[in-house]
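Asks: take this sequence and fold it.
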Amino acid sequence: MTRRVLTLFAAVCAMLTLAPAVAQADVRHGVRPLPRAHAHNDYEHERPLADALAHGFTSVEADIYLVGGQLLVAHDPGDVVAGRTLQSLYLDPLVQRVRANHGRVYRGSPISLQLLVDIKNTGAATYTELDRVLRRYRSILTTYAWGRVFKDAVTVVVSGDRPRELMSAQRVRHAFYDGRAADLNSGAPATFIPLISDNWTTLFTWEGAGPMPQAERAKLRQFVRDAHANRQRVRFWATPDVPGPEREAVWRELVAADVDHINTDDLAGLQAFLTNRSLVRR
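Replies: Coordinates of the predicted model:
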């Protein structure tokens, strides 16, 4: 077989086994959901979605490209593989899991799983297709309709190349807009922008070595207070993610400031940090 055929074969095998694993993960292992845990580039793990849920993560990130009318999940254009769609890796397994868990992603937990969908190309066209796809999954999705938000098991938030005007003009939406620091205190409602995300390194210089400068600590905490006053959640990407004291120091400051989502590629590392230190926000 050629390398491409082998890759396609592996992708198909993964899709065939993924949904049952996702549906049963917390049922078998009694996983405790972690409200702060966000799986950055989740699709790069061996079992997309399933591994994150097995570690109690309540937010996962999937990058998508619109290719040939399909929403394909990959980090870079060269990584796109036929068959690895948003539906097969995330939406279909989530439908099965929610049904198995009586309407929730984590059985007995009111937490809505955040599915952060990062649009990588052709923003408006990709979002239009995403919107069409999400309508088929509306039975499990948090929905905005006629000025109100109706919470459900999964909440889709759109990041990356976001067509703001197109999204804000919709009277009914099955997805929400990922804001930036510039959207903080802008008057944009949480019904449209429930999440404020930004690059840690553009806002802060401290990366965990030594104590956090008082001015930066004050800035971080005010940032979070402002967002929470408008009922918006906070996430930073590009925080230190190499295991060690610097990463743990940053994570401690994020928890102390009440940051809602801690960004990581290290599922086991963040799970251990949150559970071992009794820092899980209830």
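
Asks: can I get the longest strand seen in the chain as CSV, trimmed to CA atoms?
Replies: When the chain is scanned for its longest strand (criterion: DSSP state E), the result is strand 57-67. Output in CSV follows, covering the C-alpha atoms of strand 57-67 (Å, rounded to 0.1, in the frame of the first residue of the first chain):
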residue,chain,number,x,y,z
PHE,A,57,-11.9,17.9,29.8
THR,A,58,-14.9,20.2,29.2
SER,A,59,-13.6,22.2,26.3
VAL,A,60,-11.9,20.9,23.1
GLU,A,61,-10.6,22.6,20.0
ALA,A,62,-10.8,21.5,16.4
ASP,A,63,-9.4,23.3,13.4
ILE,A,64,-11.3,23.0,10.2
TYR,A,65,-10.8,23.5,6.5
LEU,A,66,-13.5,23.6,3.9
VAL,A,67,-12.3,21.3,1.2
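
Asks: name the helices or strands packed onto it?
Replies: Identification of packing neighbours for strand 57-67 by 3 or more CB pairs under 8 Å, 6 or more residues apart in numbering; DSSP states H and E yields strand 34-39, strand 70-73, strand 113-119, helix 123-135, helix 267-276. Just so you know, the C-beta spots here come from the backbone N, C-alpha and C atoms, and that holds for glycine as well.

Asks: counting contacts, what elements does the fourth one pack onto?
Replies: Packing contacts for helix 123-135, counted by 3+ CB pairs under 8 Å, 6+ apart, involve strand 57-67, strand 70-73, strand 113-119, strand 154-160, helix 164-168.

Asks: what pairs with the next helix or strand after it, parallel or antiparallel?
Replies: Beyond helix 123-135 in the direction of the C-terminus, DSSP states H and E gives the next helix or strand as strand 143-145. Here strand 143-145 is paired, per DSSP bridges, with strand 148-150 (antiparallel), strand 172-173 (antiparallel).

Asks: show me what counts as buried in strand 143-145.
Replies: 143, 144 (16 or more other CB atoms under 10 Å).

Asks: and for stretch 149-157?
Replies: 149, 152, 153, 154, 155, 156, 157.

Asks: isn't residue 188 right up against residue 179?
Replies: Yes: under the criterion of CB atoms under 8 Å, residue 188 makes contact with residue 179 at 6.6 Å.

Asks: compare those two (neighbour count), which wins?
Replies: Neighbours per residue, other CB atoms under 10 Å: of residue 188 and residue 179, the larger number sits with residue 179, 26 against 17.

Asks: in contact with the closest residue to the more buried one other than its chain neighbours, which residues?
Replies: Distances taken as CB to CB, 6 or more residues apart in numbering put residue 193 closest to residue 179, at 4.0 Å, once the chain neighbours are dropped. Residues in contact with residue 193 (CB atoms under 8 Å, 6 or more residues apart in numbering) are 176, 177, 178, 179, 183, 232.

Asks: which residues touch residue 40?
Replies: 61, 237, 241, 263, 264, 265.

Asks: which of those are buried, as a PyMOL select command?
Replies: Of the contacts of residue 40, the buried ones can be selected in PyMOL as follows, counting by 16+ other CB under 10 Å:
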select buried, resi 61+237+241+263+264
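
Asks: just the ones of the contacts of residue 40 in strands?
Replies: Reading strands off the contacts of residue 40 with DSSP E, I get 61, 237, 263, 264.

Asks: which residues sit in contact with the second one?
Replies: With CB under 8 Å, 6+ apart as the criterion, the residues that contact residue 237 are 40, 197, 198, 199, 200, 263.

Asks: swap in the third one?
Replies: With contacts defined as CB under 8 Å, 6+ apart, residue 263 is in contact with 38, 40, 235, 236, 237, 238, 239, 241.

Asks: where does the fifth one land on pLDDT?
Replies: pLDDT recorded at residue 237 is 98.

Asks: and it, what are its bridge partners?
Replies: The partner residues for residue 237, given DSSP bridges, come to residue 199.

Asks: return the distance of it relative to residue 41.
Replies: Using CB to CB, to the nearest Å, we find residue 237 at a distance of 10 Å from residue 41.

Asks: can you check the last one too?
Replies: The spacing between residue 241 and residue 41, counted by CB to CB, is 11 Å.
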